[in-house]
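Visitor: coordinates only, sequence not included:
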């Protein structure tokens, strides 16, 4: 089996390339990346040493995509993943559109021509920001969580957020490009007869992630805490109670392989996947973990509420467990310790990440 991974020199793409052979014996991996992200060259060397056939190319350029070798499946891990992308200081909105949506159109043409199945890695950021900020929450253990006595809207439960939760605008410019890519992928797959699986992921996290304040928050926070860099609890009264679930790329890879092995042609095509509420953590809790691991370092409180900030997200894995007999194995303490060890071994990681 031949698999093409886009964004193969990013954190998710390179990690999937590393873990795929552990689940698919004899798999041949081809990867494409434009190396725009700071630190990507490090992963290029790593994946080529693992036997990945690397192609330097840009998904925004049709000829770069259509000249790629034919593959059986495409794992689309390429995107500008920052919710601040397209805003002032976060690159241009046109560049965001080109990277996250126009590039998707080129990739779908590749799938059409080669009848290649598509595994689209999407995001929890496709969900409605007003709906997320209106969820009934309570503060408990220095973190936000769903209030079990509150009235919950459709698509969310004590198990987390599922695929039926509202995607009504606004979802951020980034979220809009991912949501549009989902719709376009489903239409292409239906029109041209190739399988499409879409996975809306929680916060993907692990060792080697390029941590910045706008993305890779677990890696960024641990690296910055260790180096005693300035940290800030932004919004939510400066408490640091905003909470996310952590999702290791090894568990994501296992789910993608389960989807590849599924012969079902109809039915549900979009799934939520992440750490879930039991594998989630607030910034305040993360700081406490870092204090114990590295010594005390106090973030500053900044009550400024930013446009796209949300208090709580944890994905509901119920559908993925039911349909693919899949469960996460990398729990939060394991993920954090893996990141911490990497941070200690790479003292210049924030500089390499251009954080």
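Guide: Great, that's in hand. These numbers were taken from a predicted model, which means no experiment stands behind them. Numbers count the residues shown, from 1 in each chain.

Visitor: any stretches of this structure with poor pLDDT?
Guide: 88-91, 211, 213-215, 355 (pLDDT under 70).

Visitor: ranges for the helices of it?
Guide: For the chain, applying DSSP state H gives helices covering 11-23, 40-49, 62-66, 93-97, 103-114, 129-133, 173-192, 217-226, 249-260, 283-294, 318-324, 332-345, 349-352.

Visitor: make JSON lines from the ones you listed and add distance to residue 3 and mean neighbour count to it.
Guide: Using the backbone N, CA and C atoms, a C-beta is placed for each residue, glycine as well. Compiled in JSON lines, the helices of the chain are given as follows (distance: least, CB to CB, whole Å; neighbours: other CB atoms under 10 Å):
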{"stretch": "helix 11-23", "distance to residue 3": "7", "mean neighbour count": "22"}
{"stretch": "helix 40-49", "distance to residue 3": "13", "mean neighbour count": "17"}
{"stretch": "helix 62-66", "distance to residue 3": "15", "mean neighbour count": "16"}
{"stretch": "helix 93-97", "distance to residue 3": "27", "mean neighbour count": "16"}
{"stretch": "helix 103-114", "distance to residue 3": "12", "mean neighbour count": "20"}
{"stretch": "helix 129-133", "distance to residue 3": "33", "mean neighbour count": "17"}
{"stretch": "helix 173-192", "distance to residue 3": "17", "mean neighbour count": "19"}
{"stretch": "helix 217-226", "distance to residue 3": "26", "mean neighbour count": "24"}
{"stretch": "helix 249-260", "distance to residue 3": "8", "mean neighbour count": "23"}
{"stretch": "helix 283-294", "distance to residue 3": "34", "mean neighbour count": "18"}
{"stretch": "helix 318-324", "distance to residue 3": "18", "mean neighbour count": "17"}
{"stretch": "helix 332-345", "distance to residue 3": "25", "mean neighbour count": "18"}
{"stretch": "helix 349-352", "distance to residue 3": "27", "mean neighbour count": "18"}
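
Visitor: CSV for those helices, including distance to residue 275?
Guide: Formatted as CSV, these follow (distance: least, CB to CB, whole Å):
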stretch, distance to residue 275
helix 11-23, 15
helix 40-49, 23
helix 62-66, 33
helix 93-97, 27
helix 103-114, 26
helix 129-133, 17
helix 173-192, 19
helix 217-226, 10
helix 249-260, 9
helix 283-294, 13
helix 318-324, 12
helix 332-345, 7
helix 349-352, 22
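
Visitor: for these, which one sits closest to residue 199?
Guide: With CB to CB as the criterion, residue 199 lies closest to helix 249-260 of the helices of the chain, at 6.5 Å.

Visitor: and that closest one, what does it pack against?
Guide: Under the contact criterion of 3 or more CB pairs under 8 Å, 6 or more residues apart in numbering; DSSP states H and E, helix 249-260 touches helix 11-23, strand 117-123, strand 196-201, strand 270-273, helix 318-324.

Visitor: residue contacts, the residue nearest to the spatial centre of the chain?
Guide: Nearest to the mean C-alpha position of the chain, by CA atoms, centre = their mean, lies residue 204 at 4.6 Å. Residue 204 sits next to 11, 12, 247, 248, 249, 252 when contact means CB atoms under 8 Å, 6 or more residues apart in numbering.

Visitor: ok, 7 Å please
Guide: 12, 247, 249, 252 (CB atoms under 7 Å, 6 or more residues apart in numbering).

Visitor: re the thing from before, of the helices of the chain, which is nearest residue 32?
Guide: Of all the helices of the chain, helix 62-66 comes closest under CB to CB, at 7.4 Å.

Visitor: so which residues make contact with that closest one?
Guide: With contacts defined as CB under 7 Å, 6+ apart, helix 62-66 is touched by 57, 58, 59, 106, 107, 109, 110, 113.

Visitor: which one of those sits closest to residue 309?
Guide: Closest to residue 309, out of all of the contacts of helix 62-66 and judged by CB to CB, is residue 59, at 29.3 Å.

Visitor: quick one: neighbours of that closest one, just the number.
Guide: Neighbourhood size, residue 59 [other CB atoms under 10 Å]: 26.

Visitor: show me what contacts the residue nearest to it when sequence neighbours are not counted?
Guide: Excluding the flanking residues, the one nearest residue 59 by CB to CB, 6 or more residues apart in numbering is residue 103, at 3.6 Å. Listed by CB under 7 Å, 6+ apart, the contact set of residue 103 reads 59, 60, 78.

Visitor: so can I have CSV of the residues you listed showing distance to residue 181?
Guide: Listed next are the contacts of residue 103 as CSV, based on distance: CB to CB, whole Å:
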residue, distance to residue 181
59, 12
60, 14
78, 11
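
Visitor: ok, those residues vs residue 270, which is closest?
Guide: Proximity of the contacts of residue 103 to residue 270 (CB to CB) peaks at residue 78, which lies at 19.0 Å.

Visitor: re the thing from before, closest one of the contacts of residue 204 to residue 267?
Guide: Nearest to residue 267 among the contacts of residue 204, with distances taken as CB to CB, is residue 252, at 21.0 Å.

Visitor: what distance separates the start and the end of stretch 270-287?
Guide: With CA to CA, to the nearest Å as the measure, stretch 270-287 spans 34 Å from end to end.
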